[in-house]
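Asks: Provided below are the primary sequence and the corresponding predicted coordinates.
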Amino acid sequence: MTPRLIDALLSSRGTEITARVLLTFPFWASGLVKLLDFPGGMAEMRQFGLEPAWLFNGLTIFVQLTGSALIIAKRWTWLGAGALGVFTFLTILIVHAFWRLEGERAITALHTAGEHVGMIGALILVSILALRPRSEFRSAADSQALTAASTGMLQR
């Protein structure tokens, strides 16, 4: 059985929003950097052989910012997470292709690819959870009892 305070925190809408912002941080931060430094973003695209660089940079910004916004807003989460998941998979193939590298570069790319696979799993999970009605997680009575319990615990 989960302690009441932990249960209340994990049931909180604020915690859910915070988790969505944190989950998408790598995407929206990267998208903002590429938007604010468009020439730098184009240089990054050229580094990986993506031409025309302006088009790939623009598409990357669009996918990263729009996908993140959809997940954070919990609107069409499946679409935002799907777009970011496909994007993340493609970055493994294009940017972190460890099977084409040797030595330390291969090891670093392998670890990064592994982290990307974990992110894809998290994006799938956020899509699954977005489809579940809030009542499936907790009944209204349970939620009220937990709020009262956590308020009492926080006031101590």
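Replies: It's in. Numbers count the residues shown, from 1 in each chain.
Asks: show me what the longest helix along the chain is packed up against.
Replies: Taking DSSP state H as the criterion, the chain has its longest helix at helix 103-131. Helices and strands touching helix 103-131, as assessed by 3 or more CB pairs under 8 Å, 6 or more residues apart in numbering; DSSP states H and E, comprise helix 13-36, helix 77-94. The C-beta positions use only the backbone N, C-alpha and C, and glycine is treated the same way.
Asks: in the longest one, which of the residues would be classed as buried?
Replies: In terms of neighbour count (16 or more other CB atoms under 10 Å), helix 13-36 has its buried residues at 16, 20, 23, 24, 26, 27, 28, 30, 31, 34, 35.
Asks: looking only at pLDDT, what's the mean for it?
Replies: In this model, helix 13-36 has an average pLDDT of 96.
Asks: go on, the last one?
Replies: Confidence for helix 77-94, expressed as mean pLDDT, is 98.
Asks: still on that earlier bit, residue 60: which of the buried residues of helix 13-36 is nearest?
Replies: Taking CB to CB as the measure, residue 60 sits nearest to residue 34 out of the buried residues of helix 13-36, at 6.1 Å.
Asks: which residue sits closest to the closest one, ignoring its sequence neighbours?
Replies: Closest residue to residue 34 apart from its sequence neighbours, by CB to CB, 6 or more residues apart in numbering: residue 41 at 3.4 Å.
Asks: can you pull the contacts of that neighbour?
Replies: By CB atoms under 8 Å, 6 or more residues apart in numbering, the contact list for residue 41 reads 33, 34, 35, 57, 60, 61.
Asks: all set, thanks.
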